[in-house]
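Undergrad: Please find the sequence and the predicted model below.
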Amino acid sequence: MKAKKFNKLLKDDKGFTLIELVVVLAILAILVMIAIPVFGNTTENARVKVDDANLRTAQSALQLYIAESGDDDLSEVSTVEDLKVEVTYDGKEYGPYLPDDFETEPQSKEYKEKGYTMIVSGTDVEWGTPSS
């Protein structure tokens, strides 16, 4: 009696065949291969956005320094690091315009691989290599 029930279970078409399972796995593998590059760049794109935001913050700090001190030739500021400390100009103290933990080194590969850091260029702040 038990053998008949077992044989009947084997003959029922309630499950999936091996071919159907392999096809589904192949489709899932293709979808994963498409998704990985799309989502893999998300982290790097976010790092570039952080770098760009830090650059805009430093630019705003420099513009605030220029507006408050009237120092258009930037005699007291030669690097972005100088905006993290109080600056004395014509006997008055200004700043700090950036917090101590402000990151002046890039986070993204795009700028890191080129050896860039934040530099003051004229009355602008940009990613570049400092001229020493």
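TA: Thanks, I have it. Numbering: from 1, shown residues only.
Undergrad: Do a quick rundown of the strands in this structure.
TA: With strands called from DSSP state E, the chain shows them at 87-89, 92-94, 117-121, 124-128.
Undergrad: Any buried residues in the first one, and which?
TA: Burial within strand 87-89, assessed by neighbour count using 16 or more other C-beta atoms under 10 Å, is assigned to 87, 89. Every C-beta, even on glycine, is put in place using the N, C-alpha and C of the backbone.
Undergrad: Give the other helices and strands that it contacts.
TA: With contacts defined as 3 or more C-beta pairs under 8 Å, 6 or more residues apart in numbering; DSSP states H and E, the secondary structure elements packing on strand 87-89 are helix 18-69, strand 92-94.
Undergrad: ranking those by mean pLDDT, which is last?
TA: Taking the mean pLDDT of each of the helices and strands packed on strand 87-89, the lowest value is held by strand 92-94, a mean of 78.
Undergrad: Relative to that strand, what are the paired strands and their orientations?
TA: Here strand 92-94 has these sheet partners by DSSP bridges: strand 87-89 (antiparallel).
Undergrad: For the strand it pairs with, give me every contacting residue.
TA: By C-beta atoms under 8 Å, 6 or more residues apart in numbering, the residues outside strand 87-89 that reach it are 65, 69, 70, 71, 75, 76, 77, 93, 94, 95.
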